[in-house]
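J.: just need the structure, nothing else, for what follows:
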Amino acid sequence: MGFSKIEVVIDSLDITTISKERRKVLAPLITFIQTKVDNESEIRLNFICTHNSRRSHFSQVWAQAIASYFNLDNVVCYSGGTEATALYPMVIETLQNSGFKIEVISDGNNPIYSIKYANNQHPILGFSKIYDSNFNPTSEFAAIMTCSHADGNCPMISGAEKRIPITFEDPKISDGTVQQKEVYAERSLQIATQLKYVFSEIKHK
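T.: Next up is the predicted model:
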């Protein structure tokens, strides 16, 4: 069972707002997940962005929580970048505001966070890493490119069974402005809404 505040947020996400064009972009991810469900295989999703600091983490965390919300137990979500930097603090604050329980496990230039979405599930370990880090899967996973820069600069993701570009605008554009909190919240919920649509389309056996 997920934390009630997160469930309220997921309940409130309106998937009818997603355009027909965007649904076409999301279709290959639905197909990938459905095929794995039909084959009773583990579903590994690696969300990749340039710095593994914002969009890829929003995607990883929401995908894991929303898979659990739809009772898909064999989904494991990862994230990575074409370079490692640090998980941006406003991402953490935004996720906390949606009900995730987050603790700092280790400080430094690239802090490690424990991100919990349910009492009895493993926490997600949030930190910046390259997409082929030892922390991430080496085969039988979907590489989901969440930014066009990473998509264009990563012609080959070794071990990926499927490469799926699902890009979002970088909330970084708001850094240092009064709109920052609002823009991060908007991007977080946009990503969550589209992932809710993806998982809502999956037919269980």
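
J.: are there helices or strands packed against the biggest helix by length in the chain, and which ones?
T.: Secondary structure of the chain read by DSSP state H shows that its longest helix is helix 180-200. Under the contact criterion of 3 or more Cβ pairs under 8 Å, 6 or more residues apart in numbering; DSSP states H and E, helix 180-200 touches helix 4-12, helix 20-38, helix 55-69, helix 89-97. In short, each C-beta sits where N, CA and C put it, glycine included.

J.: try 7 Å this time
T.: Packing contacts for helix 180-200, counted by 3 or more Cβ pairs under 7 Å, 6 or more residues apart in numbering; DSSP states H and E, involve helix 20-38, helix 55-69, helix 89-97.

J.: how about low-confidence regions in the chain?
T.: 1, 150-155 (pLDDT under 70).

J.: now do the longest helix of the chain: distance to the chain's middle.
T.: Relative to its parent chain, helix 180-200 has a centroid offset of 10 Å by Cα atoms, centre = their mean, to the nearest Å.

J.: mind listing residues that contact that helix?
T.: 10, 13-15, 17-18, 22, 26, 29-30, 33, 58-59, 62-63, 66-67, 70, 72, 90-91, 94-95, 97-98, 168, 171, 174 (Cβ atoms under 7 Å, 6 or more residues apart in numbering).

J.: please redo it, this time with the cut-off set to 6 Å
T.: Residues outside helix 180-200 that contact it (Cβ atoms under 6 Å, 6 or more residues apart in numbering) are 13, 15, 18, 26, 29-30, 58-59, 62-63, 66-67, 70, 90, 94, 171, 174.

J.: just the buried subset of those, please.
T.: Neighbour counting with 16 or more other Cβ atoms under 10 Å marks 13, 18, 26, 29-30, 58-59, 62-63, 66-67, 70, 90, 94, 171, 174 as buried within the contacts of helix 180-200.
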